[in-house]
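S.K.: quick one, what's the 3D model for this:
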Amino acid sequence: AVVSSLCTGEMIAAGEAFKYQEPEKEIISRSGDECVIALCDQWFLEYGEPVWRKATEECLKDVECYFDDTRQGFERTIDWLHEHACSRSYGLGTKLPWDEQWLVESLSDSTIYMAYYTVANLLQGDIYGSKPGSLDVKPEEMTHEVWNYIFFKDSPLPKTTIPREKLDKMRNEFQYWYPIDIRSSGKDLVQNHLTYWLYNHTAVWDKEPDKWPKSVRANGHLLMDGEKMSKSLGNIISLSEGVQLYSADGMRLALADAGDVLEDANFNSAQANAGILRLYTLIDWIKEVVNDFPNLRSGPTDQFYDKVFANDINVAVSQADKHYSNTMFREAMIVGFYEFLIARDRYRELSAAGKGMHRGLIRQYIKAQMILIAPVCPHVADYVWREVLQESGSIINARWPEYSAPDDSLTKAAAHLMESVHEFRLRLMAYTNPNIKKKGKAVKPNEPPNHMTIFVAKDYPKWQETTLNHLKANYNPSSEPHFPENTQILQQLKTMADIKPMLKKVMPFVAFVKSQVAEKGPSVLESHLSFNESDVFEQNKEYIMRSLDLDSLEVCEASSYHDQKLVADVCPGKPMCKFEKRELDPVDKSSAQVTFINIQPCTPFFKQTINIYDTDTIEDIIARLKRTDRKLKAKQVEVYRYVDPVKGPRQLLAFDQPMLWNKRKLEKCEKMEYCPSSGLKSGHNVIGDTLCYVVS
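M.R.: Numbers count the residues shown, from 1 in each chain. Just a heads-up that it's a prediction; the model follows:
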């Protein structure tokens, strides 16, 4: 390009050539006429001037562009941009100060107008400027010297009729608000208007780089249900129509969900309707749970599910903070709304199998959730904040929630628990409905089991640990693929002493690890888990049993199990389960079947018969009752025995006095004991074969 420019200049100077310009292809105007290039009198801004360009490049280095494509667009534009026609002879616009027959062309004119916004409220009484502002300054008083005093730190006090205190008021306003923290604009303006914006700021504030722009957020266009908006398609929706259709917050949620990146965002009407339903459902749930606060648990938050939920709150707040700072509103809504709701539902599910939800944690969650969605759904958030939670003041004045650094091991432990239960459920379905045939005959389905043993491992077998360490050493996060070819991996592993006896199992294990790395990240390559897998299952026994409809559950170390062939594939993070149908032992009689009767009139709870085992507590029995009847899941249940275990069950129930016939409440800490001569006992009291339960 440099040589071409030099040759062109020499040929024109020698009279051997002249410049000739024409469009690259035929251009038709809006009026239907063919366009040509005309040589006219014109004023140009020489954007390619070396000193000016260097200052703009320095400015761009410190500008946050949010996307690499935006920065690269600026760099390409600065590279090719030279002279630009900055004036025109018709239309609206500002007159050129040095040649008033011309108007400043619109793209060149609108480059530092945001500086005027800092004092506009003081100069204008309305948006049209027809009324004077609070300072009562006339337009003709705003001379070049006055503007210089407002905009530049080193500019002297001007000679003007405007009082000094008013001048200083405007100057302080500008100095406080400038520079521009963020400019939001269309991506198509990067190659012209936004680049002129950078150039003109470096020109006007050439001695004050601290007034140069700080960030620019470019965005794409908006599609409607995947199609370009146009009158012919009839898919244009005005803001007022959108508010009538989806509500203000529903519209804002759908727009935030439409997309954050430079590609065109897509407003999905189905998603907008679904968003409204989610918001209404959330409000209803919050109202319901706030009314139920007196019945929720208080005290220490020491249960596994409490710790996980508190950590989920920290994760949501920290990630939403990061995404909002980067103007990634869709990502902020994903973590602060959608995934936060999933975390809440997981807490409800896990705590229902334990001691129930904690009042303080639930209130903390609601407050955090409302603050996180407030930038996008302010009306819903403010309604819940003031009307439901009864917090003082508006949510727009609430501080961002304080949070601790998220505990990654808790996040992984909770995810592992949910994934494992899902896997156990699939294996239970395969166990009860085997899809196999023997000698052409279908296998008879197994009876539903009532016991499960989970096998876990703290350490990998030596050959697997060696393989993992080798893969970890050869993992390259910056390349694609991240690992060497399988043939190369196999050749290297063959030479290792721990691998040779297990050579047939090595490559399937390598393939499994690679798939896990692609799904969960490089943390899979660690030879030990960041949490105690056995403790996670032990602390959530009741939830697992309830999910799989089991009566008992055992967690066993695979290394201590007698049948090592059965547990050969167990490794950290990959447990195995074994289902069994355990019958009552007719010889030992360590358990018995007991009938439970709900003695309350007009309830949907009926007679149940369940197994009670030796050393069961009443709390264990209530949990088993809830697993048997899902309607009891979120209810408070109390168990009563008959004072006379033989005559009591034979008495007719009195609807007006259900506690008649001398029933005695059994406390949750009481243990069951089986006595061969007298049957089930609680302490010294014989239980018999019938108990009563009351639901509140």
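
S.K.: residue boundaries of the helices in the stretch 1-150 of the chain?
M.R.: Secondary structure of the stretch 1-150 of the chain (DSSP state H, counting those that start in this stretch): helices at 2-13, 50-61, 68-80, 106-109, 113-123, 144-151.

S.K.: can you add distance to Phe267, mean pLDDT and mean neighbour count and give the ones you listed back as TSV?
M.R.: C-beta: built from backbone N, CA, C; applies to glycine. Output for those, formatted as TSV (distance: least, CB to CB, whole Å; pLDDT from 0 to 100; neighbours: other CB atoms under 10 Å):
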stretch	distance to Phe267	mean pLDDT	mean neighbour count
helix 2-13	47	84	10
helix 50-61	32	95	15
helix 68-80	22	93	15
helix 106-109	28	82	17
helix 113-123	28	93	16
helix 144-151	40	95	18
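
S.K.: tell me which of those lies nearest to Ala592.
M.R.: Closest to Ala592 of those is helix 68-80 (CB to CB; 70.3 Å).

S.K.: got the contact list for that closest one?
M.R.: Identification of contacts with helix 68-80 by CB atoms under 8 Å, 6 or more residues apart in numbering yields 53, 56-57, 60, 63, 65, 187, 190-192, 194-195, 198, 216, 218, 262.

S.K.: any chance of TSV for the helices of the stretch 1-150 of the chain, columns distance to Ser478?
M.R.: Shown next, in TSV, are these (distance: least, CB to CB, whole Å):
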stretch	distance to Ser478
helix 2-13	36
helix 50-61	24
helix 68-80	16
helix 106-109	40
helix 113-123	40
helix 144-151	46
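
S.K.: how about these, which one is nearest Leu525?
M.R.: So among the helices of the stretch 1-150 of the chain, helix 68-80 is nearest, using CB to CB, at 28.7 Å.

S.K.: then that closest one to CSV, C-alphas only?
M.R.: The C-alpha coordinates for helix 68-80 follow below in CSV (Å, rounded to 0.1, in the frame of the first residue of the first chain):
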residue,chain,number,x,y,z
ASP,A,68,-12.6,-9.2,21.2
ASP,A,69,-14.6,-8.7,18.0
THR,A,70,-15.4,-5.1,19.1
ARG,A,71,-11.8,-4.3,19.8
GLN,A,72,-10.6,-5.9,16.5
GLY,A,73,-13.3,-3.8,14.7
PHE,A,74,-11.9,-0.6,16.2
GLU,A,75,-8.3,-1.6,15.3
ARG,A,76,-9.3,-2.4,11.7
THR,A,77,-11.2,0.9,11.4
ILE,A,78,-8.3,3.0,12.8
ASP,A,79,-6.0,1.2,10.4
TRP,A,80,-7.9,2.2,7.2
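
S.K.: please name every helix or strand in contact with the lengthiest helix in the chain.
M.R.: The longest helix of the chain (DSSP state H) is helix 408-432. Judged by 3 or more CB pairs under 8 Å, 6 or more residues apart in numbering; DSSP states H and E, helix 408-432 is in contact with helix 304-325, strand 451-456, helix 533-539, helix 541-548, strand 576-580.

S.K.: which among the contacts of helix 68-80 count as buried?
M.R.: 53, 56, 60, 63, 65, 187, 190, 194-195, 198, 216, 218, 262 (16 or more other CB atoms under 10 Å).

S.K.: which one of those residues is nearest to Asn314?
M.R.: Among the buried ones among the contacts of helix 68-80, and counting by CB to CB, the member closest to Asn314 is Cys65, at 29.8 Å.

S.K.: run through the stretch 501-650 of the chain and note the low-pLDDT ranges.
M.R.: Scanning the stretch 501-650 of the chain for pLDDT under 70 picks out 583-590, 634.

S.K.: tell me where it has helices.
M.R.: So, for the stretch 501-650 of the chain - with DSSP H, counting those that start in this stretch - the helices run 503-520, 533-539, 541-548, 618-628.

S.K.: now those as TSV including mean neighbour count and distance to Ala332?
M.R.: As requested, these are exported to TSV (neighbours: other CB atoms under 10 Å; distance: least, CB to CB, whole Å):
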stretch	mean neighbour count	distance to Ala332
helix 503-520	14	24
helix 533-539	18	30
helix 541-548	20	31
helix 618-628	20	38
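
S.K.: redo those as TSV? Include distance to Pro449.
M.R.: Putting the helices of the stretch 501-650 of the chain into TSV (distance: least, CB to CB, whole Å) gives the following:
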stretch	distance to Pro449
helix 503-520	27
helix 533-539	17
helix 541-548	8
helix 618-628	13
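
S.K.: sorry, back to before: kindly reformat the buried ones among the contacts of helix 68-80 as a markdown table containing distance to Phe151.
M.R.: As requested, the buried ones among the contacts of helix 68-80 are exported to a markdown table (distance: CB to CB, whole Å):
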| residue | distance to Phe151 |
| --- | --- |
| Arg53 | 23 |
| Thr56 | 19 |
| Leu60 | 22 |
| Val63 | 20 |
| Cys65 | 25 |
| Lys187 | 29 |
| Val190 | 26 |
| Leu194 | 21 |
| Thr195 | 22 |
| Leu198 | 17 |
| Val216 | 21 |
| Ala218 | 26 |
| Leu262 | 33 |
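
S.K.: okay, the angle between the longest strand along the chain and helix 618-628?
M.R.: Using DSSP state E, we find that the single longest strand of the chain is strand 591-598. Put simply, strand 591-598 runs at 70 degrees to helix 618-628, going by axes from the mean of the first three to the mean of the last three CA atoms, to 10 degrees.

S.K.: list the buried ones in strand 591-598?
M.R.: Buried residues in strand 591-598 (16+ other CB under 10 Å): Ser591, Ala592, Val594, Phe596, Ile597, Asn598.

S.K.: how about the nearest residue to the residue nearest to the spatial centre of the chain, chain neighbours excluded?
M.R.: Geometric centre of the chain, nearest residue: Val335, 1.5 Å, by CA atoms, centre = their mean. Excluding the flanking residues, the one nearest Val335 by CB to CB, 6 or more residues apart in numbering is Gln319, at 4.3 Å.

S.K.: on that earlier part again, now the phi/psi pair for the residue nearest to the centre of the chain, please.
M.R.: The phi/psi pair for Val335 (degrees, to the nearest 10) reads phi -80, psi -30.

S.K.: check Leu222 too.
M.R.: When read as degrees, to the nearest 10, the backbone of Leu222 gives phi -110, psi 130.

S.K.: from Glu480, how far out is the nearest residue to it once chain neighbours are set aside?
M.R.: The shortest distance from Leu222 to any non-neighbouring residue, by CB to CB, 6+ apart, is to Ala265 (5.2 Å). Between Ala265 and Glu480 the computed distance is 28 Å (CB to CB, to the nearest Å).

S.K.: those two: which has the busier surroundings?
M.R.: Ala265 (19 against 6; other CB atoms under 10 Å).

S.K.: touching, that one and Gly226? I think so.
M.R.: No: the pair Ala265 / Gly226 is not scored as a contact, 10.9 Å apart, by CB atoms under 8 Å.

S.K.: name the residues contacting each of those two.
M.R.: Common neighbours of Ala265 and Gly226 (CB under 8 Å, 6+ apart) do not exist.

S.K.: burial measure for Ala430, as a count.
M.R.: Ala430 - counted by other CB under 10 Å - has 13 other residues nearby.

S.K.: for Ser478, same thing?
M.R.: So Ser478, with other CB under 10 Å, has 5 neighbours.

S.K.: now do the SS call for it.
M.R.: coil (DSSP: H, G, I helix; E, B strand; the rest coil).
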